[in-house]
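Student: Sequence below, structure please.
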Amino acid sequence: MAQAKFFSMGTHRFADITSEPEVVRIKYVDTQPAKGTSNKGTIMLIHGFPQTGYQFRKVIPLLADGGYRTIVPDYRGSGDSTKPMNLSGYSKTSMATDLHTLVKTHLQIQDKIHVVGHDIGGMIAHAYAALFPADTASIIWGECPLPGTKFYQETKDSSMLWHFNFHKVLDLPELLIKGNERAYLKHFYNKLSHNPAAITPEDLDHYTNLYAQPGSMRAGINVYRLFEQDAEDNKSIRDRNGKSKVRCLTLNGAKSFLKQAAADEAQEFYEDFRVAEVDEAMHWIAEENPQAFVKETFHAKILQQSATPSAAISAKLAIINSPAHRSDGGLSSPVQLHHHKRDASTAGLDTSPGSAESPDHNDVDPRKRPVKRACNECRQQKLRCDVVQEPWQTCSRCRRLTLECKIEDNFKRIGKRSRNAEMEREIIELRKQVATQNAQQQLGLPPTLTQTTAVTNEAAAGLLDLRDGGSRGGLKRLGDVVLTLDQIHEVFQRFFKFCHPFLPFLNQDRPPEDYYSKSPLLFWTICLVGSRHWTSEQQLFPTLARQVQALVWSTLGEVPQNYHHVKALILLCAWPLPTSSTSTDATFMLAGIMMQIALQIGLHRPDHAQDFTKFRVELRQAELQDRVVTWCVCNMVAQRIATAYGQPAQTIYDWALGPKPIESNPNYELPADIYARLQIEKFVDKVSKTIYTNPTDPVGLPEDHIRSELVKLLDQDLKELEHNLEADQSQSSAMTRIYLKSAALHLHMSAFFSHRDLPSYRTDMHALYQATVDVLEACLSLESEYSINLPSNYSHGLSLSYATNYIFHIMLAAGFSLLKLMNHFLPQNGLDIQLDGATGLLKRTLWALRSASVLENDLAERLSEVLAQVWKTGIKKLDGGSASASEEPSDDLGIRVRCRMSMSVVFDSVWRWRRKFQDQRPPPDPARFFRANGEAVATDPTITATAVSMPNHSDTISTPMISGIAPVIPGMAGMPTGIADDFVTDPYASYEVFDSLNWVLDGTADFPFTFPSTSDDHTKFLSTDL
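Tutor: As a prediction, this is how the structure comes out:
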């Protein structure tokens, strides 16, 4: 739920209300009177539809300053209260009974209370006063045609109240509104508002977020479906008890059509009533004009009075007593604030009075007095601040200017110099872009869509206020990147449509602004992942990647961390920042940081978050469940990254993620798909610790005969797990199948470590071949057709172009495994018939790996080229070609790199590829090592062989491609591959030897075995070029 300023006030609690035949949990906010004021009584504020108690956020401080305790519930079916399916529970008498139980039984308030209701809340307030007159001091209601009145009967079918009949239709309204909650709510807020700005876009996002929750809209509409029963109930109570003797005030907006019948409605049900209007307001009176809302309440003398107004009123409610609101020469109000005398020299310091009183009235040791602080807005302007921290009271300046009054530990002022420097930088950037456009126009080149958007957005960005994080009017800015509201919504839609199905743990019903308020890093990470392969905004991804990279490290430098930052790191591990070298790939490091942050903030103990912070923490049910899911996905991703990078996992599968009775631990229940994938990753962890982590072996491997038996036992566990998951339809899916087959591959890859004399050697290799084929087929089955059209043109949501980093590495390992088996196992074991199928499968795999490339020359592109070149080498050898002088003739399936668990085959293959092509690498161009003035420069690893002068060869194919696959490959522009349609190796068409898996290529790794010695020239080549 969006944490707006309303939730910094009062105490947020839940009450379980027994209401036959169910128990309803009511969320309510309890705000005590301001310190130093005499207690005037208790007021219960009941909201309407489509709102929650949040609608009274501007009223509560005024009532608290006036000495009133306020109880603000979310009635059943709204906000964070439970949403029963029983339709009869939404009668206003039932809902009023809920609130009466809350007040009398749960809160144990024995005195009469004042009941204030707006819209639907007005109907509930009326039922409360009618049912419990002995417990009601007064009632204020309005902005609703009260069921049972003549006015209700005459207007319920009018066009002004069209939604009454629409909501009474069963099921259809919920079906039509689903997914369009924001537009539906916005219609009412704008249509029934005299001042639409009173409900900001952030407020709209807040309400949308709440009513988009499962069952929320249905519950809200159910309230309308019992209006006719409410009318009968109201008339029945009146006929039985007569008109109510509770003092009544009807309060409507001065611009509202409902005010015309207010007196007539009240006269039908009340003996003692008065009528009032809120100036400059239509329907949303508490939000459009909260000061007048409170003023009219007090002016009508409905609330019990205890004294005349004190001098403090002008200080606390200055806007209420201003000439614009004082037409009668004064305000008769029960509000009386206790006024403390303060020394003139200290009365206006840049501090908050907090909870501490004047030294003359406080016996607390001054040295132990709470620290007084100013709010962010006053600190930014270096102004005096009278904010009160406990209980929270907004400062008078923020209240007067309608600013968000808050205190943040990490707040930093933005000086004028910084702001001016930022403006100067923007002006310079704008001039550059305008100059570029002018040059294009002179050359007759039309500006691209991306350039035009960038100029427009950058110009708009110059108007943004730096204090609000670069957000104003829907625009969001990060460095040089500015996104409009439409772009933000589109990139979020792309993320949840194309990427999120691979790792579904975020709530796609939450608006982007909610994610931004929780964590700017999470917001921009979603934008980054969603902009992958976005053809209409091709420059957004590389530009945003640079900015997000800087944001990541600046955010990680802040302590303490927000657990929503962990979600951002989850995404960054699943879809890493683009890089062209493993030496600059921070994914594995980020996975470790992700786990450490999760532990530091207590995600592994969701029920005990308070133990990991010095602040008071009260988690709602939804927040607790979100923390459980985040901790689960955090471990899953950490496990997958460890597997993909051939490293030990830093996961913790303790009680929080272990088996437990869900009946007694409902908050720990995981979504079916996440739970299934968690079981798989636990098995993967078991394999890693059993097969690849032997503390008595230098490389962590058990002896061959022991490993063979362990693999058999683990294979049985895997089959049992697969059977259980496939038997449960809720846990069986294409993605679950991929992870199951990936776990099988991780297990059977251990066959590469076996000696060929082992009795089970052939069986193990055949099982490895089957596991390799199964995982590749499972991954490739996500694609409905194998074309090279850009992924944005796909009609289906699951495309390997958007797959996670883990799936890419699994497919890469499977590709190298399949290649070794094709060259050294299938022909030698009479399985030549399998070669054609394996060749076709490898073609499709290579295409899928290439399509994962997001930038030219990134790791996905480079590693897929290594696989292609290794494949060509094997084909040439099978066709009778000779091996290079440095290559050792061997048909052994064993591998020499043995320290990287199941991924050792990838590192070993790259090492072999490195040795194969080192002698065929063309001599470097001297221009790459010397500048024009003769000064030596470092090698640029991203420069391809196209920049090097090469001799002509008759067998060189100018358009690199694989037979059967079109030459246009995403991310391959300008990258020579050395691959022709006949799979003939052209050594001079391949780019330079790059440093992916740089520890192999640099020769810096320490191994328990000895590599063949290399010549001095080779050593020099390694040290100067990589």
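
Student: What separation is there between Q610 and R616?
Tutor: According to C-beta to C-beta, to the nearest Å, Q610 and R616 sit 7 Å apart. Just so you know, the C-beta spots here come from the backbone N, C-alpha and C atoms, and that holds for glycine as well.

Student: who has more neighbours, these two?
Tutor: For Q610 against R616, the residue with the higher neighbour count under other C-beta atoms under 10 Å is Q610, and the figures read 14 against 7.

Student: The closest residue to that one other than its chain neighbours - how many residues pack around it?
Tutor: For Q610, ignoring the flanking residues on the chain, the nearest one in space by C-beta to C-beta, 6 or more residues apart in numbering is V617 at 4.7 Å. Other residues lying near V617 total 13 when counted by other C-beta under 10 Å.

Student: Report the contact partners of A545.
Tutor: For A545, the residues meeting the contact criterion (C-beta atoms under 8 Å, 6 or more residues apart in numbering) are 528, 577-578.

Student: Give me the distance between it and L849.
Tutor: With distances defined as C-beta to C-beta, the gap from A545 to L849 amounts to 20 Å.

Student: same question, A197
Tutor: A197 sits 52 Å away from L849, taking C-beta to C-beta as the criterion.

Student: Neighbour count for the two, which is higher?
Tutor: Here A197 and L849 are set side by side on neighbour count (other C-beta under 10 Å), and the busier one is L849, at 22 against 8.

Student: What strand or helix carries the more buried one?
Tutor: Taking DSSP states H and E as the criterion, L849 maps to helix 835-851.

Student: Which SSE is immediately downstream of that helix?
Tutor: helix 859-878.

Student: Please work out the angle formed by the directions of that next one and helix 835-851.
Tutor: Counting by axes from the mean of the first three to the mean of the last three C-alpha atoms, to 10 degrees, helix 859-878 points 150 degrees away from the direction of helix 835-851.

Student: Return helix 859-878 as CSV; C-alpha atoms alone will do.
Tutor: Once non-C-alpha atoms are left out, helix 859-878 reads as follows in CSV (Å, rounded to 0.1, in the frame of the first residue of the first chain):
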residue,chain,number,x,y,z
LEU,A,859,28.7,-11.2,-23.2
ALA,A,860,25.6,-12.9,-24.7
GLU,A,861,26.8,-12.1,-28.2
ARG,A,862,30.5,-12.9,-27.5
LEU,A,863,29.9,-16.2,-25.7
SER,A,864,27.4,-17.4,-28.4
GLU,A,865,30.2,-16.7,-31.0
VAL,A,866,32.6,-18.9,-29.0
LEU,A,867,30.1,-21.7,-29.1
ALA,A,868,29.7,-21.2,-32.9
GLN,A,869,33.4,-21.2,-33.5
VAL,A,870,34.0,-24.3,-31.4
TRP,A,871,31.2,-26.0,-33.3
LYS,A,872,32.8,-25.2,-36.6
THR,A,873,36.1,-26.5,-35.4
GLY,A,874,34.5,-29.9,-34.7
ILE,A,875,32.7,-30.0,-38.0
LYS,A,876,35.9,-29.2,-39.9
LYS,A,877,37.7,-32.0,-38.0
LEU,A,878,35.0,-34.5,-38.8
